[in-house]
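Undergrad: structure, please.
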Amino acid sequence: MLRSRDRAGAEQELWALLAVYQALRMAMTAATGSVPGTDPDRAGFTAALEAAREQVITARGIEAPADPDDTGRIGRAVVAGLLPARRPRYSARKVKCSTSRYHVRDQDRGQDRPCQSVTITRVQITIRVPPPDRPAARPRRANQPPGPRPPCPGSRRDQVTRIMASQPGQDWSGGELASRLGVKPPNLLTQLAEWTRLGFLSKTGRGRYALPGPAGAATDGAGP
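TA: Residues are numbered from 1 along each chain as shown. As a prediction, this is how the structure comes out:
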């Protein structure tokens with residue numbers, strides 16, 4: 001818990017906590033190094049922390065030990081409380097709730113991870129070749145005009161464009177276009193609003209649409 005109420009104090013507390021943590025880890029590594037063949041993972045952080053806290057609170061063991069090879073109170077506490085060696089195994093990560101339905105779901109799907117702990121007998125490393133780089137996007141053709149692309153033949157926007165181009169200069173309501181196409185007005189109104197936002201159509205009034213000037217002329221001339 002940080003007790004400071006300003007940034008400078010909080011930074012000072014964080015640096016102190018990190019320094020204490022690194023000092024404890026160094027003491028734990030030195031303690032396990034004093035016992036040949038001891039894995040540093042067997043050193044318990046809780047034992048080192050409690051020994052260090054006791055030294056600060058009760059002011060014990062502050063004087064330097066006479067034996068230069070002595071690891072101190074923290075080291076002796078770590079060596080005295082070594083954790084058991086970790087077994088080379090892995091187990092399935094399961095939801096601990098007894099009423100959870102994920103356990104049954106995993107069994108039904110046939111997960112690769114076993115339900116019980118399994119001892120690791122070998123480790124296999126597979127090196128996969130990265131996929132080739134994707135080809136760059138095709139550049140725009142020189143004769144392709146800028147602006148929105150024409151609608152795909154036979155699409156609903158193409159049908160609406162042809163209806164509007166059949167009578168240049170007239171604006172259309174969503175209901176009129178829906179009646180011409182034989183579709184429900186709400187569905188077409190949503191598409192008309194989206195096409196207007198993208199610049200394919202122009203809104204001339206409340207619920208009325210028309211083709212933009214240059215686009216309408218180009219579409220009218222391109223019609224059958």
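Undergrad: and stretch 18-34, what's buried?
TA: Neighbour-count burial for stretch 18-34, counted by 16 or more other CB atoms under 10 Å, picks out 24, 27-28, 30-32. C-betas here are computed from N, CA, C, even on glycine.
Undergrad: among those, which two are most distant?
TA: Leu24 and Thr32 (12.9 Å; CB to CB).
Undergrad: which secondary structure elements does the longest helix belonging to the chain contact?
TA: Looking across the chain with DSSP state H, the single longest helix is helix 7-33. Using 3 or more CB pairs under 8 Å, 6 or more residues apart in numbering; DSSP states H and E as the contact test, the elements touching helix 7-33 are helix 45-58, helix 72-80.
Undergrad: quick check: mean pLDDT across stretch 164-176?
TA: The average of the pLDDT scores along stretch 164-176 is 84.
Undergrad: that one spans what distance, first to last residue?
TA: Using CA to CA, to the nearest Å, the end-to-end distance of stretch 164-176 comes to 11 Å.
Undergrad: repeat that for stretch 164-180.
TA: Criterion CA to CA; first-to-last residue distance in stretch 164-180 is 11 Å.
Undergrad: buried ones in that stretch?
TA: Buried residues in stretch 164-180, counted by 16+ other CB under 10 Å: 164-165, 171-174, 176-178.
Undergrad: quickly find the element holding Tyr209.
TA: Using DSSP states H and E, Tyr209 maps to strand 208-210.
Undergrad: so what strands line up beside that strand?
TA: Strand partners for strand 208-210, identified by DSSP bridges, are recorded as strand 172-173 (antiparallel), strand 202-205 (antiparallel).
Undergrad: out of the ones you listed, the one nearest Arg87 is which?
TA: With CB to CB as the criterion, Arg87 lies closest to strand 202-205 of those, at 71.1 Å.
Undergrad: could I get the closest one in PDB with only the CA atoms?
TA: Taking Å, rounded to 0.1, in the frame of the first residue of the first chain, the C-alpha atoms of strand 202-205 are listed here in PDB:
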ATOM      1  CA  SER A 202     -27.600  13.500 -52.600                       C
ATOM      2  CA  LYS A 203     -30.300  14.300 -50.100                       C
ATOM      3  CA  THR A 204     -32.600  17.000 -51.500                       C
ATOM      4  CA  GLY A 205     -35.100  17.100 -48.700                       C
END
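Undergrad: circling back to that earlier point, dump the buried residues of stretch 164-180 to a markdown table, plus secondary structure and distance to Val78.
TA: Formatted as a markdown table, the buried residues of stretch 164-180 follow (DSSP: H, G, I helix; E, B strand; the rest coil; distance: CB to CB, whole Å):
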| residue | secondary structure | distance to Val78 |
| --- | --- | --- |
| Met164 | helix | 83 |
| Ala165 | helix | 85 |
| Asp171 | coil | 84 |
| Trp172 | strand | 83 |
| Ser173 | strand | 83 |
| Gly174 | helix | 78 |
| Glu176 | helix | 85 |
| Leu177 | helix | 81 |
| Ala178 | helix | 80 |
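Undergrad: having no further points to raise, I will conclude here.
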